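J.: Give the three-dimensional model of this entry:
(one chain, ligands or ions: 1)
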Amino acid sequence: MPLSEDRMRAYREDGFVVREGIVPRRLIDRLNAELDELEERAVRLANGRAEVSWAEYFGSEATNKWAAIGLKDHYRPGFENCRIYKIQEAIEFCPGAREIALCPELVEAVRDLLGERRIGVNHSKVQFKEALTGPPQPFHQDSWYFDCDSDKVLTAVVYLDDAAEANGALQVLAGSHRLGILHHDNGIVNDPRVDTAKATLCPGKAGSAVLFHALCVHGSDRNPSPNRRRALVLHYYPQGLIWGIEGEAHDATFVPIPS
Ligand SMILES: O=C(O)CCC(=O)C(=O)O
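T.: Residues are numbered from 1 along each chain as shown. As a prediction, this is how the structure comes out:
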């Protein structure tokens with residue numbers, strides 16, 4: 001079903017929309033079962049280390065140098081002991097993640113919001129916000145990391161567990177996508193034009209997605225609750241988009257989506 005004009009307007013003006021239950025529950029359950037297995041095995045393999053590479057886990061090298069299973073959040077003091085933190089390049093290695101990234105309900109919504117048909121997905125990850133120990137995600141713009149201020153890059157955060165304030169649901173700062181790339185210190189936004197205390201909390205059931213402009217400032221709190229809050233993070237953009245200051249197009253991990 002095409003997105004309503006209200007939602008399209010909200011995306012243009014606020015830079016984000018929340019779509020309740022956009023990903024079918026069976027796909028969420030399938031990925032969660034995969035992640036439970038992966039987590040157990042990765043924790044065993046790591047044996048206290050901070051990271052397990054895909055080569056170690058699957059016996060095959062990843063196409064992206066960042067790809068790995070991160071077990072400890074060594075960037076955030078106080079969160080070094082979380083059990084599992086994130087899986088980089090999830091769609092390359094987890095069939096369930098790829099299935100969600102390509103599911104027609106999500107892809108059609110992204111096409112409508114971007115106003116583009118020939119899109120693809122790139123740089124996916126699963127963020128584990130474990131019960132009790134899940135770290136915060138400081139406020140930032142994805143576009144700052146990408147070094148790309150195009151209006152044609154969209155991030156989808158798909159909740160794999162029910163997300164509420166108590167377990168660190170995503171927060172997005174409405175309208176911040178209109179400010180261009182903002183100043184960041186160590187990957188955290190630090191710009192007098194933004195007040196992250198005004199960010200909108202975006203709760204949702206598992207299978208819901210927050211779809212936002214990659215220039216939108218967003219982040220989330222730690223998870224002191226007994227309920228974990230995992231999310232699949234996906235970045236979509238049109239095939240052939242010129243990317244970054246080098247004037248490069250997309251990189252080797254871009255997955256074009258058939259029309
Ligand atoms: O899972 C979250 O809270 C946010 C994820 C995010 O912003 C990111 O991974 O860049």
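J.: Just name whatever secondary elements the top helix by length along the chain is in contact with.
T.: Taking DSSP state H as the assignment, the helix of the chain that covers the most residues is helix 25-46. The criterion is 3 or more C-beta pairs under 8 Å, 6 or more residues apart in numbering; DSSP states H and E, and the helices and strands that helix 25-46 contacts are strand 51-53, helix 54-58, strand 68-70, helix 95-101. From N, CA and C alone the C-beta is placed, and that goes for glycine too.
J.: For residue 259, which of those is the nearest?
T.: Each of the helices and strands packed on helix 25-46 was scored for nearness to residue 259 using C-beta to C-beta, and the closest is helix 95-101 (15.7 Å).
J.: Could you give the average pLDDT over the closest one?
T.: Confidence for helix 95-101, expressed as mean pLDDT, is 97.
J.: Figure out how far it is from the centre of its chain.
T.: Between the mean C-alpha point of helix 95-101 and the mean C-alpha point of its chain there is a distance of 13 Å (C-alpha atoms, centre = their mean, to the nearest Å).
J.: cool, stretch 170-184 as well?
T.: If you compare the mean C-alpha spot of stretch 170-184 with that of the full chain, they lie 16 Å apart, counting by C-alpha atoms, centre = their mean.
J.: Determine how far the last residue of it lies from the first.
T.: One end of stretch 170-184 to the other measures 19 Å (C-alpha to C-alpha, to the nearest Å).
J.: Show me which residues of that stretch are buried.
T.: Judged by neighbour count using 16 or more other C-beta atoms under 10 Å, the buried positions of stretch 170-184 are 170-174, 176-177, 179, 182, 184.
J.: Residue 23 contacts residue 205, correct?
T.: No - Residue 23 is beyond contact range of residue 205, at 10.4 Å (criterion: C-beta atoms under 8 Å).
J.: Give me the more crowded residue out of those two.
T.: Between residue 23 and residue 205, counted using other C-beta atoms under 10 Å, the more crowded position is residue 23 (24 against 14).
J.: For that one, what are phi and psi?
T.: As for residue 23, its main-chain torsions (degrees, to the nearest 10) stand at phi -100, psi 130.
J.: picking that back up, and the longest helix of the chain, what's its mean pLDDT?
T.: 89.
J.: For that helix, output the C-alpha coordinates as CSV.
T.: Output of helix 25-46 as CSV, limited to C-alpha atoms (Å, rounded to 0.1, in the frame of the first residue of the first chain):
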residue,chain,number,x,y,z
ARG,A,25,6.3,-11.2,12.3
ARG,A,26,7.6,-14.4,10.8
LEU,A,27,10.6,-12.6,9.3
ILE,A,28,11.4,-11.1,12.7
ASP,A,29,11.1,-14.5,14.5
ARG,A,30,13.3,-16.1,11.9
LEU,A,31,16.1,-13.5,12.3
ASN,A,32,15.8,-13.6,16.1
ALA,A,33,16.2,-17.4,16.1
GLU,A,34,19.3,-17.0,14.0
LEU,A,35,20.7,-14.2,16.3
ASP,A,36,20.2,-16.3,19.4
GLU,A,37,22.4,-19.1,17.9
LEU,A,38,24.9,-16.7,16.6
GLU,A,39,25.2,-14.9,19.9
GLU,A,40,25.8,-18.1,21.8
ARG,A,41,28.5,-19.3,19.4
ALA,A,42,30.2,-15.9,19.1
VAL,A,43,30.4,-15.5,22.9
ARG,A,44,32.0,-19.0,23.2
LEU,A,45,34.5,-18.3,20.4
ALA,A,46,35.4,-14.9,21.7
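J.: which other residues reach it?
T.: Where contact means C-beta atoms under 8 Å, 6 or more residues apart in numbering, the residues beyond helix 25-46 that reach it are 52, 56-57, 69, 71, 83-84, 87, 94-97, 99-100, 103, 126, 128, 158, 160-161, 206-207, 230, 232.
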